[in-house]
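Peer 1: what shape does this take:
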Amino acid sequence: MSGEGEENEVQRIFIVSNRLYESEPQGPGTVGLLNNCVTSAGRSLESQGKKVIWVGHDSSFDQSISEGEVDEKTREIFERDGRIPIFLKKEDEKGWYSYGSNVLWALFHYYGSSGLHDLDAPTWSTFLKVNQLFADTLGKYVRKGDVVMIQAYQLMVLPKYLREMVCKDVLISYFFHIPFPSSELYRGLPSRKEILEGVLGSDLIGFQTFAYARHFKSCCAAILGHTLTDKGVWVDEERFVRLDAFPAGIDPNNVLSQLDKPEVKSRIAELKETYKDKKIIVCRDRMEYIKGVPHKLMAFQMFLERYPEWIGKAVMILMCSVNSSVLEEDEHQELKEEIDRAVGRVNGKFGTVQYMPVHYLNRAINWEEVVSIFAIADAGLITPLRDGMNLTCHEFLCAQVEKKSPLILSEFAGAAQCLSGTILVNPWDYKRVSKAILEAFTMSESQKNVRFRHSHEYVKTHNSQFWINSILAEVDLMKLSAPKLQNEDQITPKAKFKSIVDAYSKSTKRLLLLDYDGTLSPLASLPEHAVPTPKLLNLLNDLSRGTETYVYVISGRDRRSLGEWLGTLPIGLSCEHGLFFRTCVKDEISEWQDILEEMDLSWKSDIKAIFDDFKDRTPGAFVEVKEVNVTWHYRNADPEYGEIQKNQLLSHLHSIPGLPIDILVGKKAVEVRPRGINKGSVVRRIMTVDRDFDFVMCIGDDVTDEDMFEEIRRYDGIDHCFTIMVDKKPTGASCYVREQSDVITLLDMMTSSH
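Peer 2: Okay, here's the model as predicted:
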């Protein structure tokens, strides 16, 4: 990483996109990036005195130059004008864009193109390769204190790659300009895990709407098993990733400045004269399936059929850009032909020599002309089938400062969450859209003014500068107020296996207290499937036969299954959190003991009935009835819905007065047991009989094991004491291991040290 020890007098902000920003783009009305929001936002930062460094793919790359010359040219451009070009070979560029467009873009927009069915295409490896190249290049320039803002869906894996290369004092943000789909759709992506892990390399992830953020969180829980909070996701031990919604905006001056130009004023006057006896509804879209162009043509046709009095009076101006980067050539041609047929159908059915209902502009249109057409429109029709935000509607509203014409907007565009003055429609409901066109054409001036004021005020205040400043403000806040678990004083250290094994081998009397599910055995979808492996049985047998080594498996499991699996080993057993107990006696199998005579179990049938009710209401949930305890499991249920049902169940249980029970919330489970029975009481029972241990190790994986950790802390004078939690999480344990398999590794090392 370049410049690690340098002082940052001015904060440097790297804006990373798929294409390189050009300070002087070519062509009238064009901008430096395909994304107007990012371009104008970056320019606003520069106007505030911020040091902005633009990063992106440079398509002008000379394919013949060597790798060394690429580095030299990159450095030259960076030092000359503060931009970092990423040079790609043609085949890599093609594969990278192909995977991004045919798989990610299509899936995230709920659109099933032919490319979507080939999810295991070799372009995935190219996609990763290009993301790594971006990271390798950025890593040479980024230094402590910098902020990296990643702005392209083609770079979803970049945050992880970059995080692995730079120090933690570099803050990485990623923004989803496109929608994020529901978990039901996303889970069909073979690379689903790698994409999520890639984006989670960021410190802050931004979305256009809270709904998209909610979808992302659901995927993190369902696919990666991460812990969620209201603010974000816990990832990789101490690292917390913040999630929030930052609706994108435009720079209104890009539109207003055009309206002040004499040539635009003249063009507006010409258009008004041309359409002086007509009502104009305007549409501007890229030629992409998700823009719903055929759907709006069908709706306009239905409008003329249902309201024939508007034939000869209503005109649709359809501006359709052909420069889409997300369609293959054959798909583009197929869509173009479909739109051509739809336009021909409407014009053929309702057109005359003097009247053409659809004016179809299928070409690149300069910005002055677009603004002029927007300005004279009597209504706007922006009805994508799915869109992250859609800022065309913002541009339309800015151009309407004089006429204040209404805007018809798809409820499936992110902008629908922001623009309260628009007429919201379902683009698939042609009848409703046709009615909305009538409503827009016949709306009173007073109602137009009210609707326009609500929407236009939002567009003015929530502009591109507000958008990027909101993200940077959140970044600055993260520096000052990280979540509590990230406080270094509260970080649970990782278990040091060598230290534990050394202490074990040197000690003279040892006590091992081991949980079963999630500790000795991986969590299974059904309890009966968590059968111990031959290796585990051998490890427990070898440990228990060690000199002065006493092994206990302390579990919430029922006595039947634990006895069947481990009953022949010379170890101590505790079932149902201590209701059934078998003492560890060297080289012997002791008898089971229980305390059932002391228990009031009159509550069990009522609790079982409640659990059965919640099982029936929660697909994937099941009830486990033990000899005494009753457990409601929801590990196989939808993660988000399971949590909702768990909370409702707990509320119901806590509202029942007078029952002699304890309610325990475990890992994806709720258990009811007799009051006062827990794993801590089992440890107390063991230590009461014999406290002369100089080595004690206790391992567990969930909240039920915290009672053991707490009880062990009460005993002083133990030379070597280790309480270990499986997985990094808030705990009273002295250290942790990353995963369940690490427990087996540790036990294996201990047996080998004999």
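
Peer 1: and residue 437, what element?
Peer 2: helix 430-442 (DSSP states H and E).

Peer 1: show residues contacting that helix.
Peer 2: By Cβ atoms under 8 Å, 6 or more residues apart in numbering, the residues outside helix 430-442 that reach it are 279, 281, 295-296, 298-300, 302-303, 306-307, 310, 314, 378-379, 381, 383, 405-406, 408, 423, 425-427. Any C-beta I mention is one placed from the backbone N, CA and C, and that applies to glycine too.

Peer 1: any idea which helix or strand comes after it?
Peer 2: helix 445-461.

Peer 1: adjacent strands (with direction) for the least confident helix or strand in the chain by mean pLDDT?
Peer 2: Least confident helix or strand, the chain: strand 227-228 with a mean of 81, by mean pLDDT, DSSP states H and E. In the sheet, strand 227-228 lines up against strand 232-235 (antiparallel) (DSSP bridges).

Peer 1: the helix or strand just after the partner strand packs against which elements?
Peer 2: Next helix or strand after strand 232-235 toward the C-terminus (DSSP H and E): strand 239-245. On a contact count with 3 or more Cβ pairs under 8 Å, 6 or more residues apart in numbering; DSSP states H and E, strand 239-245 meets strand 204-207, helix 210-219, strand 232-235, helix 464-480.

Peer 1: how far off strand 239-245 does the last one point, in degrees?
Peer 2: Relative orientation of helix 464-480 and strand 239-245, computed by axes from the mean of the first three to the mean of the last three Cα atoms, to 10 degrees: 150 degrees.

Peer 1: helix 464-480 - contacts with which helices or strands?
Peer 2: If you count contacts as 3+ Cβ pairs under 8 Å, 6+ apart, helix 464-480 packs onto helix 36-47, strand 147-150, strand 171-175, strand 204-207, strand 239-245.

Peer 1: same deal with the second one?
Peer 2: Packing contacts for helix 210-219, counted by 3+ Cβ pairs under 8 Å, 6+ apart, involve helix 183-186, helix 192-199, strand 204-207, strand 239-245.

Peer 1: can you check the first one too?
Peer 2: Judged by 3+ Cβ pairs under 8 Å, 6+ apart, the packing partners of strand 204-207 are strand 171-175, helix 210-219, strand 239-245, helix 464-480.

Peer 1: tell me what the shortest one is packed against?
Peer 2: I take that to be strand 171-175. Short answer (3+ Cβ pairs under 8 Å, 6+ apart): strand 171-175 packs on strand 147-150, helix 158-163, strand 204-207, helix 464-480.

Peer 1: not counting its neighbours along the chain, what's nearest residue 479?
Peer 2: Nearest non-adjacent residue to residue 479, counting by Cβ to Cβ, 6 or more residues apart in numbering: residue 171, 7.3 Å away.

Peer 1: start to end distance for stretch 627-638?
Peer 2: Using Cα to Cα, to the nearest Å, the end-to-end distance of stretch 627-638 comes out at 28 Å.

Peer 1: nope, stretch 214-226 is what I was after
Peer 2: One end of stretch 214-226 sits 14 Å from the other (Cα to Cα).

Peer 1: average pLDDT across that stretch?
Peer 2: Across stretch 214-226, pLDDT averages out at 89.

Peer 1: re the thing from before, minimum distance to residue 572: which of the helices and strands packed on strand 171-175 has it?
Peer 2: Of all the helices and strands packed on strand 171-175, helix 158-163 sits nearest to residue 572, with 44.5 Å by Cβ to Cβ.

Peer 1: mean confidence for that closest one?
Peer 2: The model assigns helix 158-163 a mean pLDDT of 95.

Peer 1: just stretch 730-740 next, same as before
Peer 2: Taken as a whole, stretch 730-740 has an average pLDDT of 90.

Peer 1: show me where pLDDT drops low in the stretch 551-700 of the chain?
Peer 2: Scanning the stretch 551-700 of the chain for pLDDT under 70 picks out 597-598.

Peer 1: hmm, who's touching stretch 255-267?
Peer 2: Here stretch 255-267 has contacts from 367, 368, 369, 371, 372, 374, 375, 395, 398, 399, 401, using Cβ under 8 Å, 6+ apart.

Peer 1: and the helices and strands packed on helix 210-219, which is most packed in?
Peer 2: The highest average neighbour count among the helices and strands packed on helix 210-219, using mean count of other Cβ atoms under 10 Å, belongs to strand 204-207 at a mean of 25.

Peer 1: partners of it, with directions?
Peer 2: strand 171-175 (parallel), strand 239-245 (parallel).

Peer 1: ok, residue 520 - how many residues close by?
Peer 2: Neighbouring residues of residue 520 were enumerated by other Cβ atoms under 10 Å; the total is 24.

Peer 1: just checking, it touches residue 743?
Peer 2: Yes. If you go by Cβ atoms under 8 Å, residue 520 and residue 743 touch, sitting 6.6 Å apart.

Peer 1: just for this protein, where's the confidence low?
Peer 2: Ranges of the chain meeting pLDDT under 70: 1-9, 22-35, 112-121, 236-238, 323-328, 480-491, 597-598, 754.

Peer 1: can you point out the buried residues in the helix holding residue 437?
Peer 2: For helix 430-442, the neighbour count (16 or more other Cβ atoms under 10 Å) marks 430, 432, 433, 434, 435, 436, 437, 440, 441 as buried.

Peer 1: for stretch 248-264, same thing?
Peer 2: Neighbour counts over stretch 248-264 (16+ other Cβ under 10 Å) mark 248, 249, 250, 251, 252, 254, 255, 258, 259, 264 as buried.

Peer 1: inside helices: which ones of those residues?
Peer 2: Among the buried residues of stretch 248-264, the members falling in helices are 254, 255, 258, 259, 264 (criterion: DSSP state H).

Peer 1: for residue 585, give its distance to residue 282.
Peer 2: 87 Å (Cβ to Cβ, to the nearest Å).

Peer 1: which of the two has more residues huddled nearby?
Peer 2: Legend: neighbour count by other Cβ under 10 Å for residue 585 and residue 282, higher for residue 282 (25 against 13).

Peer 1: excluding its backbone neighbours, what's nearest the more buried one?
Peer 2: Nearest to residue 282 is residue 377, by Cβ to Cβ, 6+ apart, at 4.0 Å.

Peer 1: what's the answer for residue 691, then?
Peer 2: Leaving aside its sequence neighbours, residue 691 sits nearest to residue 715 (Cβ to Cβ, 6+ apart; 6.7 Å).
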